[in-house]
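Visitor: 3D model of this:
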Amino acid sequence: MHTDYDVRWEGKIIGTVDRKKQVLEAASRSFALFGYKATTMEQVAKIANVGKGTIYTFFDTKEQLFDEILHEVISEMKNIIQREVDHNKPFFDNLFRVLDSLLEFRSEHELLMKLSQEVRDVGTPQSQEAMNQVESVILAYIEKEIRHAMMQKELRDCDPGIVSFLMFKMYVALTSEWNKNHEPLTKEQIKEHIRLFLEDGLAVHAS
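Guide: Numbers count the residues shown, from 1 in each chain. Got it, this is the predicted structure:
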């Protein structure tokens with residue numbers, strides 16, 4: 001049975017957690033709408049409908065606020081990887097499924113879309129670093145899976161860092177860059193070409 005003190009104290013904790021969540025949601029909207037460079041603490045406070053001092057209760061700087069939001073995005077990406085990877089299936093099946101899901105997430109996530117645009121149009125260092133971190137998550141996944149596939153004798157011995165970079169860049173090039181001047185490729189066509197250049201060269205074939 002709670003005393004009045006317990007109720008007041010619990011209410012304070014709950015209120016503090018909710019207020020921080022409110023600030024983070026407002027900041028996410030602001031960064032997605034205006035980008036990193038144009039977002040200010042004043043804008044975040046206005047969207048959150050709180051005083052600017054409330055934001056400084058949780059975050060000392062805009063950089064800290066942005067970093068926590070980016071951390072949440074990266075956590076979502078890691079959850080996608082964990083959900084999609086199935087080591088009972090072939091390496092390339094996992095690769096295609098995970099990259100499909102991650103790139104779809106990246107292309108539909110409003111914050112990541114805005115940061116990509118800001119990198120292209122303005123070159124804001126913080127936005128570039130954020131996109132580098134997002135790419136690093138993908139590359140780390142591919143490199144880890146390459147090492148696992150090599151141990152299972154599913155792939156030939158290779159440099160996992162270089163091969164993960166080539167796989168990712170080829171996938172992005174065929175899904176995004178190619179479309180700028182050519183008829184878009186289907187997912188099956190993309191997989192066919194990656195298999196042609198990478199799987200046939202890396203896979204260990206039974207004799």
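Visitor: ok, so what distance separates residue 124 from residue 176?
Guide: 21 Å (Cβ to Cβ, to the nearest Å). In short, each C-beta sits where N, CA and C put it, glycine included.
Visitor: Of the two, which one has the most company?
Guide: residue 124 (16 against 12; other Cβ atoms under 10 Å).
Visitor: Just give the nearest non-adjacent residue to that one, would you?
Guide: Distance criterion Cβ to Cβ, 6 or more residues apart in numbering; nearest residue to residue 124, sequence neighbours excluded, is residue 37 at 4.6 Å.
Visitor: so the one you found makes contact with residue 122?
Guide: Yes: shown here, residue 37 and residue 122 form a contact pair, counting by Cβ atoms under 8 Å, at 6.1 Å.
Visitor: before we move on, the earlier item: how about the secondary structure of the residue nearest to residue 124?
Guide: Each residue gets one of three states, and residue 37 gets helix by DSSP: H, G, I helix; E, B strand; the rest coil.
Visitor: What's the per-residue pLDDT of it here?
Guide: On pLDDT, residue 37 comes in at 94.
Visitor: got it, and the one 10 residues further on?
Guide: The predicted structure scores residue 47 at 94 on the pLDDT scale.
Visitor: Let me know how buried it is, in neighbour terms.
Guide: The number of residues near residue 47, taken as other Cβ under 10 Å, comes to 18.
Visitor: Give me the nearest residue to it, chain neighbours excluded.
Guide: Nearest non-adjacent residue to residue 47, counting by Cβ to Cβ, 6+ apart: residue 26, 3.9 Å away.
Visitor: So that neighbour, which state does it fall into?
Guide: Assignment for residue 26 (three-state DSSP): helix.
Visitor: My guess is it contacts residue 52. True?
Guide: No: using Cβ under 8 Å, residue 26 makes no contact with residue 52, being 11.7 Å away.
Visitor: Mutual contacts of those two, please.
Guide: residue 45 (Cβ atoms under 8 Å, 6 or more residues apart in numbering).
Visitor: Looking at these two, which is more packed in?
Guide: residue 26 (20 against 14).
Visitor: confidence score at that one?
Guide: 95.
Visitor: mind checking how far it is from residue 78?
Guide: Distance from residue 26 to residue 78, by Cβ to Cβ: 25 Å.
Visitor: and if you look at residue 63?
Guide: Taking Cβ to Cβ, one finds residue 63 at 22 Å from residue 78.
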